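Visitor: I would like the atomic coordinates for the input below:
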Amino acid sequence: MVASAEQPLSAASLSPPSTRRNWGAWLERRLRNLALLMRLDRPIGTWLLLWPTLWALWIAAAGHPKRRLLAIFFGGTVLMRSAGCIINDLADRNIDPHVKRTRMRPLAFRVVAPSEALVLFTLLLLGALALVLQLNVLTLELAGVGALLTVSYPLLKRVFPLPQLYLGLCFGWAVPMAFAATLGAVPRLGWLLLVTAVLWAGVYDTMYAMVDRDDDLRIGVQSSAILFGDMDRLMIAVMQVMVLYTLLLVGRELHFGVGYRCGLIAGACLFVWQQWLIRRRDRDACLQAFQNNNYFGMVIFIGLLLEYTTR
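Guide: As a prediction, this is how the structure comes out:
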């Protein structure tokens, strides 16, 4: 039979159906493993990174951030969070197999090669660079510092007893970048909001570290949960109070009213609920408390929206 012009022959059409299915299944597995490496199946980390960025963008723009900046920072958040996960897993690929929560990660389970992960990491960084190049020089300089923080975190957590606060610096660094991109400078308020973001990361990541405490002790990884010991709940409570206090200072500086205070009250209630969840230090409950922090970031943002829309 001669092929018609409407149905030209191709390598795919000449391949047996089973071969085409095998190639399709292989490609699907590769893409799924790369997506898992980027933690696209677990957006909680992206949201925890995004909320302080949104706080900063709204405050810096007095409630009217430019859509262009929102798109750039949202895209940059997704790209840098994914890149941070990859570099962290590369550094921990020989440790993660010994930790219950991480043993099935693609690099730990050996379904993604380190060379593949490095290529993907580089592509993500290039994508983030393409976004930040659209912003002013100060924002670009701050982005360079942020990239160094992200790359150095996996190494620092092996020697620094409070890696959760360093992670908070990585997660919160978008705050001064948001002010710089909007105002061309980082005012005192921007640095205060960065302190808030660092302390808040200390709260939720200590809860996260409580999940892995036994494994971390066995393999020798540092964490705030290990450093605090049986004072972990107290130290989390101290940081929670400090987060609320710094947010209160932000509100006073900006002369915020009822809407913002309602957000703070809702956030305080969520912190109380998190303390109740971790009271017995149960692994699943600590993980639930960690995830509940997404709602904390949300209610603070809603408080900002209420404040700016009612003015």
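
Visitor: Tell me the buried residues in the helix or strand hosting Q274?
Guide: Under the criterion DSSP states H and E, the helix or strand holding Q274 is helix 258-277. Buried residues in helix 258-277, counting neighbours by 16 or more other C-beta atoms under 10 Å, are found at G259, Y260, G263, L264, A266, G267, A268, L270, F271, Q274, L277. Placement of C-beta: from N, CA and C, glycine included.

Visitor: can you redo these as CSV with pLDDT and distance to K100?
Guide: Shown next, in CSV, are those (pLDDT from 0 to 100; distance: C-beta to C-beta, whole Å):
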residue, pLDDT, distance to K100
G259, 94, 43
Y260, 97, 41
G263, 97, 36
L264, 98, 36
A266, 98, 34
G267, 98, 31
A268, 98, 33
L270, 98, 27
F271, 98, 27
Q274, 98, 22
L277, 97, 20
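
Visitor: Can you dump the C-alpha atoms of the helix holding Q274 in CSV for me?
Guide: Output in CSV follows, covering the C-alpha atoms of helix 258-277 (Å, rounded to 0.1, in the frame of the first residue of the first chain):
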residue,chain,number,x,y,z
VAL,A,258,-9.4,47.1,62.3
GLY,A,259,-9.0,45.0,59.2
TYR,A,260,-5.3,44.3,59.8
ARG,A,261,-5.9,43.7,63.5
CYS,A,262,-8.5,41.1,62.6
GLY,A,263,-5.8,39.3,60.6
LEU,A,264,-3.4,39.4,63.5
ILE,A,265,-6.1,38.0,65.9
ALA,A,266,-6.9,35.2,63.4
GLY,A,267,-3.2,34.5,63.1
ALA,A,268,-2.8,34.3,66.9
CYS,A,269,-5.6,31.8,67.0
LEU,A,270,-3.9,29.7,64.4
PHE,A,271,-0.7,29.8,66.5
VAL,A,272,-2.6,28.6,69.5
TRP,A,273,-4.1,25.7,67.5
GLN,A,274,-0.6,24.8,66.3
GLN,A,275,0.6,24.6,69.9
TRP,A,276,-2.3,22.2,70.7
LEU,A,277,-1.3,20.0,67.7
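
Visitor: Give me the distance from that helix to the chain's centre.
Guide: 21 Å (C-alpha atoms, centre = their mean, to the nearest Å).

Visitor: Packing partners of it?
Guide: If you count contacts as 3 or more C-beta pairs under 8 Å, 6 or more residues apart in numbering; DSSP states H and E, helix 258-277 packs onto helix 188-211, helix 232-253, helix 283-309.

Visitor: can you do 6 Å?
Guide: helix 232-253, helix 283-309 (3 or more C-beta pairs under 6 Å, 6 or more residues apart in numbering; DSSP states H and E).

Visitor: Give me the distance between stretch 57-69 and the centre of its chain.
Guide: For stretch 57-69 - counting by C-alpha atoms, centre = their mean - the centre lies 21 Å from the chain centre.

Visitor: ok, and for that stretch, which residues are buried?
Guide: Residues of stretch 57-69 classed as buried by neighbour count (16+ other C-beta under 10 Å): L57, W58, I59, A60, A61, P65, L69.

Visitor: from the residues you listed, which two are the most distant?
Guide: Based on C-beta to C-beta, the longest span within these runs between I59 and L69 and measures 12.9 Å.
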